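Enquirer: following is a predicted model, sequence given first.
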2 protein chains.
Amino acid sequence: MSESAEKFSRITPTPAYQMVADAIEREILTGRLRPGDPIGTEAELVKQFGVNRSTVREGIRLLEHGGLVQRDSSRRLSVGLPHYNRLTTRVTRALILHEVTFRELWEATMALSLATIEFAVDRATLDVIEALEANIAATEEVQEDAAAVAELDTEFHIILEKAGNNRVLELAREPSNMLIYPTTELVIRGVPEGAQRLVKAHKMLVEALRQRDKEMARLWTRRHLNDWRKGFERAGKELDQPIDLVTMRHAMRER
Amino acid sequence: MSESAEKFSRITPTPAYQMVADAIEREILTGRLRPGDPIGTEAELVKQFGVNRSTVREGIRLLEHGGLVQRDSSRRLSVGLPHYNRLTTRVTRALILHEVTFRELWEATMALSLATIEFAVDRATLDVIEALEANIAATEEVQEDAAAVAELDTEFHIILEKAGNNRVLELAREPSNMLIYPTTELVIRGVPEGAQRLVKAHKMLVEALRQRDKEMARLWTRRHLNDWRKGFERAGKELDQPIDLVTMRHAMRER
DNA sequence: ATCTAATGATTGTCGGACAATCCGACGCAA
DNA sequence: TTGCGTCGGATTGTCCGACAATCATTAGAT
């Protein structure tokens, strides 16, 4: 790496398909093209850019993959608003490929959940609290069905996040959510009274929201997640093992 | 949404290029293909999948865009380990397109930084502390140069994150980092003694790490970020305005 | 053994082609 | 008038074949 006095900047030949993608992307990011706006047909783009259709197509695929452009019913192109799931899925995959451990996941989830619950305590409206209570009621009715409970648990926490009213935090959490929630079912099964403890924790969290009691909220968040951890270990899994695709299979479906 | 008794599952014709991408992706995610492994040449894939090269290429572009496959020096294909930056960039873009406000960004950064610093207090080794001190020394030397200070500030916080030793949290933070750090320069300029306050905060944070004093660490993290906020407002920006590309221009370069 | 030049393989791009599908207009029947 | 089937044009998904530029590799020169 001897980079002392460089006269010329590195030359990086950019393939045409990349330039096509970049050009369209720039229009979108600068706001000259807004979500919903139609992009031309392939033929039009061919004319505008002066490249072959194959090239245009390769370029478009990139943006399409990123969700920056969509194809509506008739496969015509329009600017899209990339929604989180799409991105999150990929981040989640990256975590798996990097062989992140369950311990890291658990720790991070703990930290992020605590942050979330504080926002929620500050901002939860009555609507939110009612939604949460409805969720709890539903959970109680299906207590025997671990899968159903797990699903409702996910919903509970999603509502909580939305209550916090901070999309940056929400997005930051999503990858870890995608990894931890799918294991909930496994964890509930691991502990006999798992579902009950979960419902109890949810109830106490809602109570904390009502009273706007941060300490209480933090306490029960911790307990709730400690339960997860205990269940996880009791299910015979090792906390320091990398998150594996076998456990996560269902989390990986895009769309 | 009347989805009561549906007899037929939705039909979704999957284009060939998509299937190509999916097939390769599956091999990677299940671990049958590991990072670094070569994928065949385009010609080989054409033979294996029995589709045209154009189709193969469109499929490959998708994976390439996601970082799941790379092209090395000679543009030959191999399995890649998607690194965060790539993904982060896209998440960051999504936040901008969703018109997230600086307030949300600031709040989330506060929460995430507090989480980070707690991990760091628990786990910072001497190496880390020395690296941080070196960084501070360097910062002091360039105090006049706001841009240089901003860059070193970013580095400081990255070291801090790594010290926490939790990649999930690290990844969770990255999008907000990409948005907030580029504004640091602007913020430093906004306050006359901005650089000094920044250095002071960094010093106190390191001191807190040495003493493994969480409260102190949290306190100075809060101060540090409150400074950011003050500077931001003093620079004449509105906290409730959406994060815009003009302010963020430099943050958006991929690679 | 090391460097150089020729050879072959591979990618990026191009042009053209065709079937399947979608959209819209048209005409016909109720 | 309203609803329905049909037709033509437009557009996409896929295929074929081709060629220049570039990289890898091998053979040849020093």
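Expert: Sure, I can see it. Numbers count the residues shown, from 1 in each chain, chains lettered A, B, ... in the order given.
Enquirer: ok, now which ones touch the closest residue to residue A:120 other than its chain neighbours?
Expert: Spatial nearest neighbour of residue A:120, chain neighbours left out: residue A:163 (4.4 Å); criterion: Cβ to Cβ, 6 or more residues apart in numbering or on different chains. No exception for glycine: its C-beta is placed from N, CA and C like everyone else's. Neighbouring residues of residue A:163 by Cβ atoms under 8 Å, 6 or more residues apart in numbering or on different chains: A:119, A:120, A:123, A:124, A:125, A:128, A:209.
Enquirer: select only the buried ones of those in ChimeraX?
Expert: Burial among the contacts of residue A:163 is assessed by 16 or more other Cβ atoms under 10 Å in any protein chain shown; the matching ChimeraX selection reads:
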select /A:119,120,124,128,209
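Enquirer: the residue of the stretch 51-200 of chain A found nearest DNA strand D and DNA strand C: what is the separation?
Expert: Distance from DNA strand D to each residue of the stretch 51-200 of chain A (Cβ to the nearest atom of the strand) is smallest for residue A:75, at 4.1 Å. Here residue A:75 is placed at a distance of 6 Å from DNA strand C (Cβ to the nearest atom of the strand, to the nearest Å).
Enquirer: what secondary structure does that residue sit in?
Expert: What DSSP: H, G, I helix; E, B strand; the rest coil gives for residue A:75 is coil.
Enquirer: my guess is residue A:108 is in a strand, correct?
Expert: No - counting by three-state DSSP, residue A:108 is not found in a strand; it is helix.
Enquirer: hmm, residue B:166 and it touching each other?
Expert: Yes - under the criterion of Cβ atoms under 8 Å, residue A:108 is in contact with residue B:166, at a separation of 5.5 Å.
Enquirer: list phi and psi for residue A:67.
Expert: Per-residue torsions, residue A:67: phi 80, psi 10 (degrees, to the nearest 10).
Enquirer: so how many other residues sit close to it?
Expert: Per other Cβ atoms under 10 Å in any protein chain shown, the neighbour tally for residue A:67 reads 19.
Enquirer: equivalent analysis for residue A:73, please.
Expert: 5.
Enquirer: just residue A:25 next, same as before
Expert: Using other Cβ under 10 Å, residue A:25 is surrounded by 20 other residues.
Enquirer: can you check the one 3 residues further on too?
Expert: If you count neighbours by other Cβ under 10 Å, residue A:28 ends up with 22.
Enquirer: hmm, whichever helix or strand it is part of in reach of chain B?
Expert: Using DSSP states H and E, residue A:28 maps to helix A:16-29. Yes - applying Cβ under 8 Å from any Cβ of the partner chain, one finds helix A:16-29 touching chain B at A:17, A:28, A:29.
Enquirer: and residue A:147, what pLDDT?
Expert: pLDDT, residue A:147: 81.
Enquirer: thought it was touching residue A:185?
Expert: Yes - if you go by Cβ under 8 Å, residue A:147 and residue A:185 touch, sitting 5.3 Å apart.
Enquirer: how distant is stretch A:66-77 from the center of its chain?
Expert: In terms of Cα atoms, centre = their mean, to the nearest Å, the centre of stretch A:66-77 is found 22 Å from the chain centre.
Enquirer: can you list the residues of the stretch 51-200 of chain A near DNA strand C?
Expert: Counting by Cβ under 7 Å from any atom of the strand, the residues of the stretch 51-200 of chain A close to DNA strand C are A:51, A:52, A:53, A:54, A:55, A:58, A:73, A:74, A:75.
Enquirer: show me where pLDDT drops low in chain A?
Expert: A:1-11, A:245-255 (pLDDT under 70).
Enquirer: and the spatially closest residue to residue A:213 that is not a sequence neighbour, what element?
Expert: Excluding the flanking residues, the one nearest residue A:213 by Cβ to Cβ, 6+ apart is residue A:121, at 7.1 Å. Take DSSP H and E as the rule and residue A:121 turns out to sit in helix A:102-123.
Enquirer: which strands and helices lie in contact with that helix?
Expert: helix A:146-164, helix A:167-190, helix A:194-211, helix A:214-234, helix B:102-123, helix B:167-190 (3 or more Cβ pairs under 8 Å, 6 or more residues apart in numbering or on different chains; DSSP states H and E).
Enquirer: any chance of a markdown table for those, columns distance to residue B:151?
Expert: Supplementary listing: the helices and strands packed on helix A:102-123 in a markdown table, determined by distance: least, Cβ to Cβ, whole Å:
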| stretch | distance to residue B:151 |
| --- | --- |
| helix A:146-164 | 32 |
| helix A:167-190 | 23 |
| helix A:194-211 | 41 |
| helix A:214-234 | 36 |
| helix B:102-123 | 18 |
| helix B:167-190 | 8 |
